[in-house]
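Asks: Pasting the sequence and the predicted model now:
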Amino acid sequence: MQPTTSQLRRLARTALDQQGVAVRRLRWMGEHSNHLFRVDTTIGDRLVVRVCLPDGRSDAELDAELAWLAALASDTDLTVPLARFSTHVATPDLPDGGRCIAFGWLQGHCEHRPSRRLVADLGRVLAVLHARSPVSPAGRLRPSNPGYRAADLGRQLV
Amino acid sequence: MAERVEAVLAQLGMDPAVHGLVHADLHLGNVLDHHGQARPLDFDDASWGHYALDLAVAVDSVPEALHPVLLGGYRAIQPLPEGYQEHAKALLAGRRLFLATFLLANGLPAAAHLELLRVFTER
């Protein structure tokens, strides 16, 4: 059974308490492939907490993702989300717990009617990501991509 | 179509020039606009994959009139991924197939999703 938003909120709150983050407001940002909360702290800081449940990506995969983000931030001019902390927590109503990753908040807005400048920069960003990609799959991220998943899903529908 | 995409990816191979660590979901909805600067988000689908397909994900998310602009931004850093131009139609179709089947596999609760599905299957 999927956890409720309240249960996930308690999990995120537990992680923030554990890390000594004084929370002024904790808001549900929705569920994508993960569960996201926006955190406003009492000192005016803002974070995004991603709650990763045990049935999702493995710790090794998450570690690899965070390592890539850290490398991109240090080696390129890209502005990417950076982890402030990552911790495993559990609560009485979610005893299996989950991993909570807090990212620094990035300024900006989603634009569904993009400017030429934004679109050109999106192309540049993607090229930088590819240019800085490790060349050997020696890491721990899963060997899959949307194409393979599309094929799998397509077969399921046949 | 799934077989077609698979065949294209198999043809591209796994050489480091065409295959590596990719974002895998860098569509416009996963980008923040900060005074025209694109700030990529949501790296949780990052995986080993083909650069050409990764580019198709981004291209398919912007209006068709802006496709050359996005490709120009990419070319400002490095040449387009090998196989992209040759197989762009199949790669873009594969992306749409993924999105459509993802919505079907995850239920069809929202009118917005139905509209998306209509758009993806229409193009």
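Replies: Done, it's in.
Asks: Would you mind pulling up the elements that the longest helix anywhere in chain B packs against?
Replies: When chain B is scanned for its longest helix (criterion: DSSP state H), the result is helix B:84-105. Packing contacts for helix B:84-105, counted by 3 or more CB pairs under 8 Å, 6 or more residues apart in numbering or on different chains; DSSP states H and E, involve helix A:146-157, helix B:2-12, helix B:51-60, helix B:111-122. Any C-beta I mention is one placed from the backbone N, CA and C, and that applies to glycine too.
Asks: what about chain A, any weak spots by pLDDT?
Replies: The model of chain A has pLDDT under 70 over residues A:31-33, A:135-158.
Asks: can you give me the strands for it?
Replies: A:23-31, A:35-41, A:46-52, A:83-91, A:94-104 (DSSP state E).
Asks: ok, and what's touching the last one?
Replies: Residues from elsewhere that reach strand A:94-104, judged by CB atoms under 8 Å, 6 or more residues apart in numbering or on different chains: A:3, A:7-8, A:10-12, A:14-16, A:19, A:21, A:39, A:47-54, A:59, A:62, A:66, A:81-91.
Asks: pull the helix or strand with minimum mean pLDDT from chain B.
Replies: Least confident helix or strand of chain B, by mean pLDDT, DSSP states H and E, is helix B:111-122 with a mean of 48.
Asks: ok, B:G13 to B:H50 distance?
Replies: Distance, B:G13 to B:H50, by CB to CB, to the nearest Å: 9 Å.
Asks: neighbours of the closest residue to A:D75 other than its chain neighbours, just the number please.
Replies: Sequence neighbours aside, A:R132 is the residue nearest to A:D75 in space, at 6.4 Å (criterion: CB to CB, 6 or more residues apart in numbering or on different chains). Counted by other CB atoms under 10 Å in any protein chain shown, the residues lying close to A:R132 total 15.
Asks: go on, A:V89?
Replies: Neighbours around A:V89, by other CB under 10 Å: 20.
Asks: Could you check how far A:M29 is from chain B?
Replies: 12 Å (CB to the nearest CB, to the nearest Å).
Asks: That residue: what's it in contact with?
Replies: By CB under 8 Å, 6+ apart, the residues touching A:M29 are A:L36, A:F37, A:R38, A:V48.
Asks: The third one contacts A:R46, doesn't it?
Replies: Yes: contact criterion CB atoms under 8 Å: A:R38 and A:R46 qualify, at 7.0 Å.
Asks: mind listing what the residue minimising distance to the centre of chain A touches?
Replies: The residue lying closest to the centre of chain A (CA atoms, centre = their mean) is A:R50, at 5.5 Å. A:R50 makes contact with A:N34, A:H35, A:L36, A:C100, A:I101, A:A102, A:F103, B:D44, according to CB under 8 Å, 6+ apart.
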